[in-house]
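1. Fold the following.
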Amino acid sequence: MKREEVEQVRQEAVAILQRANIVLSEPERSSMEVADFGLNDIRNLGLEIVVYENNDRYCAKELVLFPRQMCPQHRHPRVSATNPGKRETFRCRWGEVYLYVEGEATADPRAVVPARYRPYVSVWREIILRPGQQHTLEAGTLHWFQAGDQGAIVSEFSSTSMDETDVFTDPNIKRAPVIS
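-> Reported below is the predicted structural model:
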């Protein structure tokens, strides 16, 4: 992504947070990650991420999703003999988010997956999260999610986040942002 586009996306994400009465400090605003996963399709697939804390014990983040924007299917694998991988809780703060996990597929899911990403989505058990609702995923659980029509804000509380170890089903994904 180009630096100007990153800044524009950041400003839009801050506006969504403000609409939801979530206040960020200036350092939090300026350090917000705009993750397009190397696909240059931020409006359809990506995340805007504010990391409040990430240390050797826990992590707290705010995830902002634009309308119908999706986070690609992935899992958090075992990291070592003593670290089973990231366990995370998603709590919807604003909007509506459709979380998909392993298990029996939902007959009529609400997600609308762009055709180019459909081959990389294989789990369809739908969990709908609205403000105040949350769901916890154990380490290693294959999952993906998409915002509803107005977008969404999701707070993530987890064990230590090591995004570089995430395993994505789409081989074209690059987790580290590339800004030109």
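2. Wait, a strand at Tyr100?
-> Yes: remark: Tyr100 belongs to a strand, assigned using DSSP: H, G, I helix; E, B strand; the rest coil.
3. Report the contact partners of it.
-> Tyr100 sits next to 73, 109, 111, 121, 123-127, 143-145 when contact means CB atoms under 8 Å, 6 or more residues apart in numbering. Quick note: C-beta positions are derived from backbone N, CA and C, even for glycine.
4. could you redo the last one with a cut-off of 10 Å?
-> 70, 73, 106, 109-111, 113, 121-127, 142-146 (CB atoms under 10 Å, 6 or more residues apart in numbering).
5. Sort out for me which of the residues you listed are in strands.
-> Counting by DSSP state E, the contacts of Tyr100 place 70, 73, 125-127, 143-146 in strands.
6. what's the most distant pair in these?
-> By the measure CB to CB, Met70 and Arg125 form the most distant pair in the ones in strands among the contacts of Tyr100, at 15.8 Å.
7. higher neighbour count, those two?
-> Between Met70 and Arg125, counted using other CB atoms under 10 Å, the more crowded position is Met70 (24 against 14).
8. where do the helices sit along this structure?
-> 3-19, 26-30 (DSSP state H).
9. Name the residues that touch the last one?
-> Applying CB under 10 Å, 6+ apart, the contact partners of helix 26-30 are 7, 10-11, 13-14, 17, 24, 50-52, 62.
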